[in-house]
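K.L.:
Task: produce atomic coordinates for the following.
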Amino acid sequence: MKKALWALLCVVTFLSEAWADKVNGADAPASDHPTLQDAQDALASGNYAKAFNGYHNAAVQDKNALAQFSVGLFYQNGWGREIDPIAACRWFEKAAQGGIPVAQHLAGVCFDEGIHHEEDPAAAAHWFRKAAQAGHHYSYCHLANLLMTGRGFPKDSVKALELCHPVAQQGSPPAQLWMGKFYLQGDSAIRNKQEAYRWFAAAAQKQTPEAFYYLGLIMQSDSSANQAPSEIRQMFEQAAALKYVPAYFQAGKHFYDAEPDPGTGQLSAEHLAKAYLWLSAAIKQSQNPEEISVAKSMVQQILAVMPETWLAKLDQKIAQHLQRD
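P.N.:
Reported below is the predicted structural model:
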């Protein structure tokens with residue numbers, strides 16, 4: 001919940017500052033200011049209906065790019081309405097054409113993933129480049145990914161690293177994630193598991209959920225390092241606790257496969273409960289049918305030995321964890 005509130009506060013602050021700049025500029029009609037100011041105040045107070053109406057009016061009637069970007073955020077984040085990625089992308093593209101750097105980046109993502117149009121790497125690259133040149137430097141890493149994978153462009157892994165590395169070096173967690181993925185999964189010419197680990201560890205220091213997940217995968221795959229099972233479990237559990245869905249199954253599986261208690265020959269109470277928690281979360285949230293099937297089988301075996309009196313409390317914990325922020 002705190003994370004969601006902080007994100008909302010950052011968005012409101014950004015919009016307020018950006019709108020103030022436009023109000024003080026020559027291109028901002030004075031009559032627009034109260035409408036958007038009311039919308040910003042409503043958003044800050046959580047009155048999504050009033051805020052949306054204010055932004056939408058300015059987006060449609062005045063073609064205001066900041067308002068268009070804001071409307072896109074409503075559809076992207078589900079603020080007071082159903083999440084609608086297609087509608088979000090349409091608004092982000094409009095705002096991108098109006099010169100909003102973050103919207104340009106998001107428009108690039110929309111074209112890259114084929115959300116509101118067919119996949120179009122050239123259009124994605126256009127918007128990533130525009131965003132990066134306007135100061136949204138993380139967009140260079142998305143450009144780098146197009147070069148690393150050869151989507152729409154000849155493969156160039158060296159150029160890809162050159163584009164993303166400075167941004168990661170400056171401490172951007174998303175850029176650090178990209179560098180880790182490039183070194184772990186990119187072109188064979190530049191793969192380097194140690195470098196991948198280093199970049200994921202840097203992102204994990206900033207509590208980036210996906211970074212913990214990849215650290216767990218690297219530790220799990222590196223038989224020469226003799227990583228303790230408890231350390232691998234810790235990585236996956238940290239990612240799961242931060243709501244990174246692919247980590248749910250891995251965390252549950254590792255608790256399910258944990259070393260038995262020497263005294264009883266069975267899983268400890270803590271490991272049994274955690275296996276049930278994370279496997280149940282995987283069943284509810286995973287998009288992988290095979291993963292869900294295996295998790296269900298494991299849960300059935302857990303239920304055969306776990307005291308029935310634990311279920312109500314554990315199920316309550318699962319429900320609380322899976323609540324939207």
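
K.L.:
C-alpha only now, for contacts and for neighbours.
P.N.:
Will do.

K.L.:
so Ala203 is in which element?
P.N.:
Using DSSP states H and E, Ala203 sits within helix 193-204.

K.L.:
which regions of the stretch 151-300 of the chain sit below the pLDDT cut-off?
P.N.:
Within the stretch 151-300 of the chain, the ranges that satisfy pLDDT under 70 run 223-225.

K.L.:
and Trp127, what does it touch?
P.N.:
96, 104-105, 107-108 (CA atoms under 8 Å, 6 or more residues apart in numbering).

K.L.:
Same check on Gly186?
P.N.:
148-149, 157.

K.L.:
Would you mind measuring from it to Ile115?
P.N.:
Distance, Gly186 to Ile115, using CA to CA, to the nearest Å: 24 Å.

K.L.:
One more: Gln61?
P.N.:
26 Å.

K.L.:
quick one, which of those two is more surrounded?
P.N.:
Neighbours per residue (other CA atoms under 10 Å) separate Gln61 from Ile115, with Ile115 holding more: 17 against 8.

K.L.:
The more buried one touches Ile86, doesn't it?
P.N.:
Yes: between Ile115 and Ile86 there is a contact at 5.9 Å, judged by CA atoms under 8 Å.

K.L.:
Now Glu82: which helix or strand?
P.N.:
Short version, using DSSP H and E: Glu82 is in no helix or strand.

K.L.:
Now it: closest residue in space that isn't a chain neighbour?
P.N.:
Closest residue to Glu82 apart from its sequence neighbours, by CA to CA, 6 or more residues apart in numbering: Tyr75 at 7.0 Å.

K.L.:
burial measure for the one you found, as a count.
P.N.:
Using other CA under 10 Å: Tyr75 sits among 21 other residues.

K.L.:
Repeat that for Tyr197.
P.N.:
Count around Tyr197 with other CA under 10 Å applied: 23.

K.L.:
before we move on, the earlier item: just checking, what packs against the helix holding Ala203?
P.N.:
Counting by 3 or more CA pairs under 8 Å, 6 or more residues apart in numbering; DSSP states H and E, the packing neighbours recorded for helix 193-204 are helix 173-185, helix 209-221.
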